[in-house]
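In: just need the structure, nothing else, for what follows:
(2 chains)
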Protein chains: 2
Amino acid sequence: MTVRQLSLPELTDACQALGIGKVGLWREPVQEYGVEAAARLVRDAGLAVTTLCRGGFLTATDPGERAKALADNRRAVDEAAALGTDTLVLVSGGLPAGDKDLRGARERVADALAELAPYAGDHGVRLAIEPLHPMFASDRCVVSTLAQALDLAERFPADRVGVAVDTYHVWWDDRAPEQVGRAGAAGRVHTFQLADWTTPLPEGVLNGRGRLGDGAVDLRRWRRLVEAAGYTGPIEVELFNEELWARDGREVLAETAARFLTHAGEEAPE
Amino acid sequence: MTVRQLSLPELTDACQALGIGKVGLWREPVQEYGVEAAARLVRDAGLAVTTLCRGGFLTATDPGERAKALADNRRAVDEAAALGTDTLVLVSGGLPAGDKDLRGARERVADALAELAPYAGDHGVRLAIEPLHPMFASDRCVVSTLAQALDLAERFPADRVGVAVDTYHVWWDDRAPEQVGRAGAAGRVHTFQLADWTTPLPEGVLNGRGRLGDGAVDLRRWRRLVEAAGYTGPIEVELFNEELWARDGREVLAETAARFLTHAGEEAPE
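Out: This next block holds a predicted model:
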C-alpha cells in the first residue's frame, strides 16, 4: 500500500532491485491481477508474502450483510493461502448507521471470528486482528486498542487468531507496551507494522500516515519492544499517504527502505 | 465556544432569552472584552460561569517557555476567580518539536500541576485536567485517557485537581466508564461536557465536533454514567464546528438547548 502506484509486476521488480525479499499485499490489486497469477508472479520473483490485507468488516447487524461479509472473508482466507502467506489482517469494521453500541459491535466481531477461525485454520492461515486508532472507532474499526484486540483473540487458539501491531494506531497508548508483552508471551503477535504519526491530519484522516522518522513515534523503541516480546517475524511499513502515492513508486520504495534502516534498523546510527 | 460568533453581550442576552442560567467561557473573548467587564456582564445578567477554558500547555522543555506557560496559567486562575467560577479546564499540551517521549511530557505536566495547584487553591479555583482524544496526542494534549488524567490528578487533593469528562474525547474508550466511577468516587469530576462524534473528520480534525444526536455517542448513557458516579454539577455542550460558527449564533444556541433535552435530557422522549 505504501507504493500502490506500482503495478504488481513493477512492485516485484522494484523489490528485487532493492534486495527486498518480502512484501505485504492488499487484496484489491491481487484480485485485479488475478490471485493465481499474482501468486506465480511473487513466487517467480523469489518474494515471500508477509501478510494479506485485509479481511474484516464484520460488524453488520443485517443478516444478509453479515453473511456477505463472512463469505468475503472466506475468500480472503483462500487468497492468503494461494499467495502462500500465513497471515490475513482483519480490520473489524465500524458501527452500523445509527448504532451507538461499540461493545455490541465488538461482540459481533467475536461471533464472526468463531465462524472464520476454523476455516482459516484449515487453510493454514492465521487471523490478525488489527486495532485501529480510536479516531476510526465509529466508521472503520470498533477495536481501538491492543487490549481489546487481545481480549477478542484470546477466545481462540493463538495459531488461529492473534493481533497486528501497527505503531500508527497504538503509539499513543500507554498500555500498549504491556499489551505487546501479553501478545508476545502468547505467540499472538502475527504481524508488526510501522508508520509514523504526523500532523496536521488530512480531511478524512485516512491518508496522512507519516514517513518513518517524520513524526512523533519512537520507531526503534517499538521495534525493540515487539522483539523483546518474542516477535521474530517480518516488519512491514504501511503508509497511506497521498503525497507518497503522487511520487515515483520506485523512488518511494527505495527511500522507505533507507528510512527503515535509519529509524528502525537494529543499530542506531552513529 | 459552541457559539463563538456571538459577542459576550450577545451571548448573555441569548442565554437570558432562552432561560439558560449558566455558561462556560473561553479565555480569549473574556480577555478581549476585559476580565472585570466580562465578570460584571455575566453577573448583571444573572448568569453563573460553569468553567473557564482553558489553561494548560505545560509540556515545554525549554525553561523560558515553561516559565511563560506557568505565568499564563496563574493569570488563567486569576481570570477564573474574577469570573466567579471554581473550575479552570487544562489542556496539557503536546510534544515539543522533535520530542517522542509522551511519558516524559506527562511528567512535566505533573511538575507544573505541583506548582499551579496551590496557587489555584489559594484562589478558590480547581484545576480540571481534560484528556483529549488520542488523535491530539502529539500536537495538543499528551493526556489521552481518563485513566491518565486521574493518575495525574490523584497526586493532588481532589478539591484542587480533578478531571474534565468530555464525551467527544473519551466515548471510544472501553475503560472510560470505570474511570468515571473512579473519578466520581473521589470527587474529581470537575466538569462534564457533551459533544457528539461524527465523521468524516475535517482537515486538522479540530473543528468537526458533532451536534448532539448527529453522531455515534450515546449521550444519555454518558449522562447517566457520570451522574451515577455522583456528579451533580452543570453539563456543558462544547462544539468546535465550522458549520455551526457560520450560522446565526442565537439560532445555534436555541437548537443546541433543544437537542440537549432530546438527546441528553433526564427523561428519554416518548
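
In: quick one: average pLDDT of the strand or helix carrying residue A:77?
Out: Using DSSP states H and E, residue A:77 falls within helix A:63-83. Mean per-residue pLDDT for helix A:63-83: 98.

In: next helix or strand past it?
Out: strand A:87-91.

In: avg pLDDT for the helix or strand just after that following strand?
Out: Using DSSP H and E, the helix or strand that follows strand A:87-91 towards the C-terminus is helix A:102-122. Average pLDDT, helix A:102-122: 98.

In: counting contacts, what elements does helix A:102-122 pack onto?
Out: Applying 3 or more CB pairs under 8 Å, 6 or more residues apart in numbering or on different chains; DSSP states H and E, one finds that helix A:102-122 contacts helix A:63-83, strand A:126-129, helix A:146-153. For the C-beta atoms, the positions are set from N, CA and C on the backbone; glycine is no exception.

In: mind listing what's buried along that helix?
Out: A:102, A:105-106, A:108-110, A:112-113, A:116-117, A:119-121 (16 or more other CB atoms under 10 Å in any protein chain shown).

In: what do you get for stretch A:80-99?
Out: In terms of neighbour count (16+ other CB under 10 Å), stretch A:80-99 has its buried residues at A:80-83, A:85-96, A:99.

In: which among these are in contact with chain B?
Out: Among those, the residues that sit close to chain B (CB under 8 Å from any CB of the partner chain) are A:95, A:99.

In: could you pull out the helices for the stretch 101-250 of chain A?
Out: With DSSP state H, counting those that start in this stretch, the ranges of helices along the stretch 101-250 of chain A come out as A:102-122, A:146-153, A:167-170, A:176-185, A:219-228, A:242-245, A:249-264.

In: nearest to residue B:37, out of those?
Out: helix A:102-122 (45.2 Å; CB to CB).

In: kindly check the end-to-end length of stretch A:11-30 for me.
Out: 12 Å (CA to CA, to the nearest Å).

In: near chain B, which residues of the stretch 51-200 of chain A? Just list them.
Out: Going by CB under 8 Å from any CB, the residues of the stretch 51-200 of chain A near chain B are A:95, A:99-103, A:133-135, A:137-139, A:144-145, A:148, A:171-174, A:197, A:199-200.

In: can you turn the buried part of those residues into a ChimeraX selection?
Out: A single ChimeraX command selects the buried members of these (16+ other CB under 10 Å):
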select /A:95,99,100,101,102,133,134,135,137,138,139,144,145,148,171,172,173,174,197,199
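
In: which SS class is residue A:30?
Out: At residue A:30, secondary structure determined by DSSP: H, G, I helix; E, B strand; the rest coil is helix.

In: ok, it - contacts?
Out: By CB atoms under 8 Å, 6 or more residues apart in numbering or on different chains, the contact list for residue A:30 reads A:8, A:38, A:52, A:79, A:83.

In: now do stretch A:128-136: distance to the chain's middle.
Out: Between the centre of stretch A:128-136 and the centre of its chain there are 10 Å (CA atoms, centre = their mean, to the nearest Å).

In: same check, this time on stretch A:100-113
Out: Relative to its parent chain, stretch A:100-113 has a centroid offset of 20 Å by CA atoms, centre = their mean.

In: got it, and stretch A:250-266?
Out: With CA atoms, centre = their mean as the basis, stretch A:250-266 stands 18 Å off its chain's centre.

In: with only the CA atoms kept, save stretch A:175-183 in CSV.
Out: What follows is stretch A:175-183 as a C-alpha-only set of coordinates in CSV (Å, rounded to 0.1, in the frame of the first residue of the first chain):
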residue,chain,number,x,y,z
ARG,A,175,-1.0,0.5,28.0
ALA,A,176,0.2,-0.8,24.6
PRO,A,177,3.7,-1.8,25.8
GLU,A,178,2.4,-4.2,28.4
GLN,A,179,-0.1,-5.5,25.8
VAL,A,180,2.7,-6.2,23.4
GLY,A,181,4.2,-8.3,26.1
ARG,A,182,0.9,-10.0,26.7
ALA,A,183,0.5,-10.8,23.0
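
In: with distance to residue B:266 added, can I get the helices of the stretch 101-250 of chain A in CSV?
Out: Putting these into CSV (distance: least, CB to CB, whole Å) gives the following:
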stretch, distance to residue B:266
helix A:102-122, 24
helix A:146-153, 32
helix A:167-170, 38
helix A:176-185, 38
helix A:219-228, 46
helix A:242-245, 46
helix A:249-264, 53
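
In: which of those sits closest to residue B:213?
Out: Of all the helices of the stretch 101-250 of chain A, helix A:102-122 comes closest under CB to CB, at 17.4 Å.

In: pull the contacting residues for residue A:160.
Out: A:117-118, A:120-121, A:126-127.

In: chain B versus that one, what's the distance?
Out: 24 Å (CB to the nearest CB, to the nearest Å).

In: start and end of stretch A:81-97, how far apart?
Out: From its first residue to its last, stretch A:81-97 covers 33 Å (CA to CA).

In: coming back round to it: of the contacts of residue A:160, just say which sits nearest to residue A:69.
Out: residue A:127 (13.7 Å).

In: look up the closest residue to the closest one, ignoring the ones flanking it.
Out: Excluding the flanking residues, the one nearest residue A:127 by CB to CB, 6 or more residues apart in numbering or on different chains is residue A:161, at 4.8 Å.

In: quick check: the one you found touching residue A:126?
Out: Yes: using CB atoms under 8 Å, residue A:161 is in contact with residue A:126, at 7.1 Å.

In: now do the residue nearest the centre of chain A against residue A:80, distance only.
Out: Central residue of chain A (CA atoms, centre = their mean): residue A:89, 5.1 Å from the mean position. For residue A:89, the distance to residue A:80 equals 9 Å [CB to CB, to the nearest Å].

In: and if you look at residue A:49?
Out: Applying CB to CB to residue A:49 and residue A:80 gives a distance of 8 Å.

In: got the contact list for residue A:164?
Out: A:51, A:89, A:128-131, A:190-193.

In: report the buried residues of the longest strand along chain A.
Out: Taking DSSP state E as the criterion, chain A has its longest strand at strand A:48-56. Buried residues in strand A:48-56, counting neighbours by 16+ other CB under 10 Å, are found at A:49-56.
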